[in-house]
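In: This is the structure alone, sequence omitted:
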């Protein structure tokens, strides 16, 4: 079997599975072992839309090895001049709202019109839940069938801050590879919505109707972040409930303070199964982009996000450096025992650990 044929096999394995199956990972691992690319080769491959090389570059970003991280940062810096041209859409929602089904319905519609679609996920809980996100990705078979669609699960473990930072870095690579529409999906709950909001242009909240008091289904802060609320599964006997939920959300949104963007969030109903309401949602997303580009908020928001991630990266690196310092590791175990035995307070233990950490640093 020649090299070209092996590459085709690897592509066929990873394409339908969204690079999420064990077979796909094994194929990428084998290719990686046989061929080590330089930063220049990674850049050329990404700019040429080579999805195998793009996937390997993302793997470098996700790696915790210092050598991999250093190379990943070089690749990101080289890709930055070619990034920034996509529309970044964050999608979150209550459990069971059908996020994956919705993304596939919208993504398939856009891919059929010639747009290049990338789907990324933020899943800081997958280590605990044993990776359910992988199953969600493999169900996007219709979208994965398009040559210009790329589906990438999040890292299988890590803190929210680390996973989110890697997802933001992955966005730049996908943009450099020519993907013009990027969906970032939250899989975990809680602070992951805030992380996604800090890296997207448009934030879409998916909600279910008929699951009790809809307004209690998700935190108010998340609703306030939304640029649009879509009531999903509005089909069959659930259509009437979806319309009632839409009216309830419309009333609630008018009570919130005006958004900084000047945009009034809209509420729509849709059905990924019947493909209804999907086109209208996309039309409103494009209307939002035109509106915010015209009033200057679009670029202003991206600049604020860049500053946010500068400081977020500093915070994350300081935290990692602290816990990976050899002296701190050994002392932390000792102070943990003393705190549990009530021999020392939590605050004093933290102070002593920090003093030890800073004593070994040159200012």
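Out: Looks like it arrived, so ask away. Just so it is clear, the structure is predicted and the values come from calculations on it, not from any experiment.
In: residue contacts, the closest residue to residue 266 other than its chain neighbours?
Out: What sits nearest to residue 266 in space, not counting adjacent residues and going by Cβ to Cβ, 6 or more residues apart in numbering, is residue 228, at 5.2 Å. Heads up, the C-betas are built off the backbone N, CA and C, glycines and all. Shown in contact with residue 228 (Cβ atoms under 8 Å, 6 or more residues apart in numbering): 202, 203, 204, 205, 265, 266, 267, 268, 281, 284, 285, 288.
In: Kindly recompute the last result at 7 Å.
Out: Neighbour list for residue 228: 204, 265, 266, 268, 284 [criterion: Cβ atoms under 7 Å, 6 or more residues apart in numbering].
In: ok, now residue 359?
Out: By Cβ under 7 Å, 6+ apart, the contact set of residue 359 is empty.
In: where does it land on pLDDT?
Out: Here, the pLDDT recorded for residue 359 equals 87.
In: Residue 135 now?
Out: For residue 135, the model assigns a pLDDT of 48.
In: Kindly report the same for residue 130.
Out: 42.
In: quick one on the thing from earlier: want to throw the contacts of residue 228 into CSV with pLDDT and distance to residue 233?
Out: As requested, these are exported to CSV (pLDDT from 0 to 100; distance: Cβ to Cβ, whole Å):
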residue, pLDDT, distance to residue 233
204, 96, 15
265, 93, 20
266, 93, 18
268, 95, 13
284, 97, 19
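In: quick one: which of these sit in helices?
Out: residue 284 (DSSP state H).
In: nearest to residue 220, of the contacts of residue 228?
Out: Closest to residue 220 out of the contacts of residue 228 is residue 265 (13.2 Å), distances taken as Cβ to Cβ.
In: Assess the claim that that closest one and residue 226 are in contact.
Out: Yes. The pair residue 265 / residue 226 is scored as a contact, 5.6 Å apart, by Cβ atoms under 7 Å.
In: which one of the two has more residues nearby?
Out: Higher neighbour count among residue 265 and residue 226: residue 226, with 27 against 23, using other Cβ atoms under 10 Å.
In: Helices of the stretch 1-150 of the chain, residue ranges please.
Out: Listed in chain order, the helices found in the stretch 1-150 of the chain under DSSP state H, counting those that start in this stretch are 3-17, 22-34, 39-47, 51-62, 66-79, 99-112, 126-129, 132-138, 141-144.
In: Lowest mean pLDDT across these, which one is that?
Out: Taking the mean pLDDT of these, helix 3-17 comes last: a mean of 41.
In: pLDDT below threshold where in the chain?
Out: 1-35, 124-139, 155-159, 188-191, 210-219, 361-363 (pLDDT under 70).
In: Report the strands that pair with the helix or strand harbouring residue 182, each with its relative direction.
Out: Residue 182 is part of strand 181-186, with elements assigned from DSSP states H and E. Paired neighbours of strand 181-186 in the sheet (DSSP bridges): strand 87-93 (parallel), strand 117-122 (parallel).
In: Which one, of the ones you listed, ends up nearest to residue 354?
Out: Closest approach to residue 354 among these (Cβ to Cβ): strand 117-122, 29.8 Å.
In: packing partners for the helix ranked longest in the chain?
Out: In the chain, taking DSSP H as the definition, the longest helix is helix 297-323. For helix 297-323, the packing partners by 3 or more Cβ pairs under 7 Å, 6 or more residues apart in numbering; DSSP states H and E come out as helix 160-176.
In: Apply 8 Å and report the result again.
Out: helix 160-176, helix 278-295, helix 326-340 (3 or more Cβ pairs under 8 Å, 6 or more residues apart in numbering; DSSP states H and E).
In: tilt between the first one and helix 39-47?
Out: Counting by axes from the mean of the first three to the mean of the last three Cα atoms, to 10 degrees, helix 160-176 points 70 degrees away from the direction of helix 39-47.
In: Please compute how far helix 160-176 lies from its chain's middle.
Out: How far helix 160-176 lies from its chain's middle: 7 Å, per Cα atoms, centre = their mean, to the nearest Å.
In: which of the contacts of residue 228 tops the neighbour count?
Out: Neighbour max across those (other Cβ under 10 Å) = residue 204, 26 neighbours.
In: pretty sure it is touching residue 226, no?
Out: Yes. Residue 204 lies in contact with residue 226 (Cβ atoms under 8 Å); the separation is 6.9 Å.
In: residues contacting residue 323?
Out: So residue 323 contacts 329, 332 (Cβ under 8 Å, 6+ apart).
In: ok, now residue 234?
Out: Residue 234 sits next to 209, 242, 243, 269, 270, 271, 276, 277 when contact means Cβ under 8 Å, 6+ apart.
In: What is the burial count for the fifth one?
Out: It stands for residue 270. Applying other Cβ under 10 Å, I find that residue 270 has 25 neighbouring residues.
In: For the nearest residue to it once chain neighbours are set aside, what are phi and psi?
Out: Leaving aside its chain neighbours, residue 270 sits nearest to residue 277 (3.1 Å; criterion: Cβ to Cβ, 6+ apart). With angles defined as degrees, to the nearest 10, residue 277 sits at phi 80, psi -10.
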